[in-house]
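# Any chance you could fold what I've pasted below:
(chains A and B)
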There are 2 protein chains.
Amino acid sequence: MATLKVPDAVPSPTQDCERLRNAVQGLGTDERAIIGILGHRNASQRRKIRETYQQLYKESLVDRLHSELSGDFRKAVILWTYDPQERDAKLANEALKSKKKGTKELQVIVEIACANSPHHLQAVRQAYCSLFDCSFEEAIASEVSLPIRKLLVGLVSSYRYDKELVDMNIASSEASKLHEAIKRKQLDHDDIVYVLSTRNMYQLRATFKCYQQKFGNPIDQDIESCGEGVLESLLRVVIWCIQSPEKHFAEVIGTSITGLGTDEDSLTRAIVTRAEIDTMKIRGEYFNIYGTNLDGAVDDDTSGDYREFLMTLLGARI
Amino acid sequence: MATLKVPDAVPSPTQDCERLRNAVQGLGTDERAIIGILGHRNASQRRKIRETYQQLYKESLVDRLHSELSGDFRKAVILWTYDPQERDAKLANEALKSKKKGTKELQVIVEIACANSPHHLQAVRQAYCSLFDCSFEEAIASEVSLPIRKLLVGLVSSYRYDKELVDMNIASSEASKLHEAIKRKQLDHDDIVYVLSTRNMYQLRATFKCYQQKFGNPIDQDIESCGEGVLESLLRVVIWCIQSPEKHFAEVIGTSITGLGTDEDSLTRAIVTRAEIDTMKIRGEYFNIYGTNLDGAVDDDTSGDYREFLMTLLGARI
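Next up, the predicted model:
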């Protein structure tokens, strides 16, 4: 369940565009008006707004927002304004082009592949081709070295069955295969990549449960004990995204705001990408993990228009 | 270019359905009427006919055709009546469920992955999930053993960039990688699977050309000299489907009708799956290879309603 709040009576795209135009024209920018409009429209409504804005004013809304806004607020609003698949393709591309390619950067690719519907992943692959003149998997292969490349290419190539169908025999035999590979510290073994990138989510959850019953430890714990490299930690993100995307994103948010300073990129990504999917559940998981209120934590740790925008997406502003 | 002939003035789906209903009702079936209608409608028109027929007569058109027709004619008409993606998913499933899994059976999977648009392959994966309650790649993995499994799973998982974009440096370096693996007879090497299942078709054609320039032989010839197994011959089908789908299908048709007896399943598959894509070019390639006319050859080798139907799809009947 999402936290995005769309008003009962939504203005027409033309009305929204006229108000947006007023907000970006003349001296100064009316950031609150921009938040008030875009922060209360779903993906298809935002798409219509983008199209209508282009037709009415012969300029791209995203470009205009880019020139009017700044900092983390700008990043968040622009990511939100894109189509979800375009946004994810851009986030993935940014991760692949970054100099450092650690877990923090590459986990966005795992999230796209393992914490979304097969249909969405497919749309991201299509958007990636349109935007960057190569396939998503070619980009991964040219930017990421083995053995991580193998895992990521496998994951983004998947098109999983998306209904609840579990075969307990498969769960048991594949739990053993996973255990065998993990025991030998062969984390890029074909069996691991095949199982994690092919099976449906319900089947995989059963397999992980079976793993713990048969071998004593949760699978992510056994993976952790293999080492502290990026492959180990990305594989754990895979397990978490499959087991519970909402718990994973609660932890992404928690990690981004705890300690000194805030990791705004991660905070933005988690809230913007999930506001139409499961931020309500993320809120519950956040409370379970940290014993505090998600909204309060975000409110405390951010400021200005950026705070207003995130709080709007979290449903805490009307 | 296709050979399917759709009339300038197409009757409404309701009119088509009424004529089809007359053709299947009462004593005897009017096969020529069925051919005259369905054999002159494109995929989206056939889809509307199926939907309208279901609404009007509360029965499935495909089921009705199944009970009224028989033999190769029935098979061909029913394959043609499905949506292209549904048809390919069914053909692939049939291949995977067949007892013998040689090149003749499995090559349909290669054709789906390598002789169609990335978009169509994606639609087939989606149809496969809907029809058979598991993903296409899971079905391959459960029915096909290594090393062929690895090649086929890689191929059907691809979503290639679909525009003409060639990097000659990549062509050269990947030609060398392919040559290295072929020289060592490691035909299921990660590099081979990666290159063949990830690169766009134009890039791959450049890579194959580069291979021949650098190493003397056409790549399919070097693969042939590795052995006579199913992996070797399926890999050659991959190369052919990438280099020239129309030449490949001309050869499928040629092989199906030369010698004693006819391989109707292959003949039907080639004509039905390509009649809306490139049968015009296949005709040209057929003449180049066999020095005879494709239409004449099919006409000579088939009979009855089956012949009429194939000839209609080949554009040789009005």
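
# Show me what from chain A comes close to chain B.
Proximity of chain A to chain B (C-beta under 8 Å from any C-beta of the partner chain) is limited to residues A:118, A:122, A:125-126, A:129, A:133-138, A:141, A:150, A:153, A:157-163, A:165, A:190, A:194, A:198-200. Using the backbone N, CA and C atoms, a C-beta is placed for each residue, glycine as well.

# how about the helices in the stretch 201-318 of chain A?
Using DSSP state H, counting those that start in this stretch, the helices of the stretch 201-318 of chain A run over residues A:201-215, A:219-224, A:230-243, A:245-257, A:264-274, A:279-290, A:294-301, A:304-313.

# Can you convert those helices into CSV and add a column each for mean pLDDT and mean neighbour count?
What follows is the helices of the stretch 201-318 of chain A, written out as CSV (pLDDT from 0 to 100; neighbours: other C-beta atoms under 10 Å in any protein chain shown):
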stretch, mean pLDDT, mean neighbour count
helix A:201-215, 97, 19
helix A:219-224, 96, 18
helix A:230-243, 97, 21
helix A:245-257, 96, 22
helix A:264-274, 96, 23
helix A:279-290, 95, 19
helix A:294-301, 94, 17
helix A:304-313, 96, 22
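
# Can you lay out the ones you listed as TSV showing distance to B:Y306?
Formatted as TSV, the helices of the stretch 201-318 of chain A follow (distance: least, C-beta to C-beta, whole Å):
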stretch	distance to B:Y306
helix A:201-215	42
helix A:219-224	55
helix A:230-243	49
helix A:245-257	52
helix A:264-274	54
helix A:279-290	57
helix A:294-301	66
helix A:304-313	61
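
# can I assume A:L65 is in contact with A:I78?
Yes. If you go by C-beta atoms under 8 Å, A:L65 and A:I78 touch, sitting 5.7 Å apart.

# Have a look at those two and say which one is more surrounded.
Between A:L65 and A:I78, counting by other C-beta atoms under 10 Å in any protein chain shown, A:L65 is the more crowded of the two (22 against 19).

# what pLDDT does that one get?
pLDDT recorded at A:L65 is 96.

# Would you mind checking the residues of chain A next to chain B for buried ones?
A:118, A:122, A:125-126, A:129, A:134-138, A:141, A:150, A:153, A:157-162, A:190, A:194, A:198-200 (16 or more other C-beta atoms under 10 Å in any protein chain shown).

# Next one: A:D167 relative to B:S135, how far apart?
A:D167 is 13 Å from B:S135, where distance means C-beta to C-beta, to the nearest Å.

# out of the helices of the stretch 201-318 of chain A, nearest to B:V6?
B:V6 sits nearest to helix A:201-215 of all these, at 42.7 Å, using C-beta to C-beta.

# Can you list the helices and strands that that closest one packs against?
helix A:168-183, helix A:190-198, helix A:219-224, helix A:230-243 (3 or more C-beta pairs under 8 Å, 6 or more residues apart in numbering or on different chains; DSSP states H and E).

# Ok, which of those helices comes nearest B:R184?
Closest to B:R184 of the helices and strands packed on helix A:201-215 is helix A:190-198 (C-beta to C-beta; 18.7 Å).

# For the closest residue to A:I289 other than its chain neighbours, list the residues it contacts.
Distances taken as C-beta to C-beta, 6 or more residues apart in numbering or on different chains put A:A250 closest to A:I289, at 5.7 Å, once the chain neighbours are dropped. Counting by C-beta atoms under 8 Å, 6 or more residues apart in numbering or on different chains, A:A250 makes contact with A:I282, A:R283, A:E285, A:Y286, A:N288, A:I289, A:Y290, A:L294.

# Also A:T268?
A:D72, A:K75, A:A76, A:L79, A:L310.

# List the contacts of the strand or helix carrying A:S67.
Secondary structure from DSSP states H and E places A:S67 in helix A:61-68. Residues outside helix A:61-68 that contact it (C-beta under 8 Å, 6+ apart) are A:17, A:20, A:24, A:29, A:34, A:49-50, A:53-54, A:74, A:77-78, A:81-82.

# For A:G261, give me the pLDDT.
pLDDT, A:G261: 80.

# what's the spacing between the residue of the stretch 51-200 of chain A found nearest chain B and A:V238?
Distances between the stretch 51-200 of chain A and chain B by C-beta to the nearest C-beta are smallest at A:S157, namely 3.7 Å. Distance of A:S157 to A:V238, given as C-beta to C-beta: 14 Å.

# can you check A:S117 too?
16 Å.

# cool, and A:P245?
For A:P245 relative to A:V238 (C-beta to C-beta), the value is 11 Å.

# got any residues that touch both of those two?
A:C114.

# Can you tell me, leaving aside adjacent residues, what's nearest to the residue of the stretch 51-200 of chain A closest to chain B?
B:S157 (3.7 Å).

# contacting residues around the one you found?
B:S157 neighbours (C-beta under 8 Å, 6+ apart): A:S157, A:S158, A:Y159, B:E137, B:S197.

# returning to that earlier point: so which of the buried ones among the residues of chain A next to chain B belong to strands?
Assignment to strands by DSSP state E places none of those there.

# So which of those sit within helices?
A:118, A:122, A:125-126, A:129, A:136-138, A:141, A:150, A:153, A:190, A:194, A:198 (DSSP state H).

# domains for chain A, by residue range?
Following automatic domain parsing, one gets these domains for chain A: A:13-69, A:84-156, A:168-243, A:246-313.

# give me the number of residues near A:K75?
Around A:K75 there are 18 residues (other C-beta under 10 Å).

# Excluding chain neighbours, what is closest to it?
Per C-beta to C-beta, 6+ apart, closest to A:K75 is A:T268, 6.0 Å.

# Could you check how far that neighbour is from A:E251?
Distance from A:T268 to A:E251, by C-beta to C-beta: 16 Å.

# just A:R236 next, same as before
From A:R236 over to A:E251 the distance is 11 Å, taken as C-beta to C-beta.

# what do you get for A:R64?
Counting by C-beta to C-beta - A:R64 and A:E251 are separated by 35 Å.

# Leaving out the residues flanking it, which one is nearest to whatever residue of the stretch 201-318 of chain A ends up closest to chain B?
Nearest residue of the stretch 201-318 of chain A to chain B (C-beta to the nearest C-beta) works out as A:Q203 at 9.1 Å. Distances taken as C-beta to C-beta, 6+ apart put A:V166 closest to A:Q203, at 5.3 Å, once the chain neighbours are dropped.

# what's the answer for A:S98, then?
A:E105 (5.0 Å).

# In three-state terms, label that neighbour for me.
helix (DSSP: H, G, I helix; E, B strand; the rest coil).

# Looking at it now. What's its pLDDT?
For A:E105, the model assigns a pLDDT of 94.

# I figured it hits A:A95, correct?
Yes. Counting by C-beta under 8 Å, A:E105 touches A:A95, with 4.5 Å between them.
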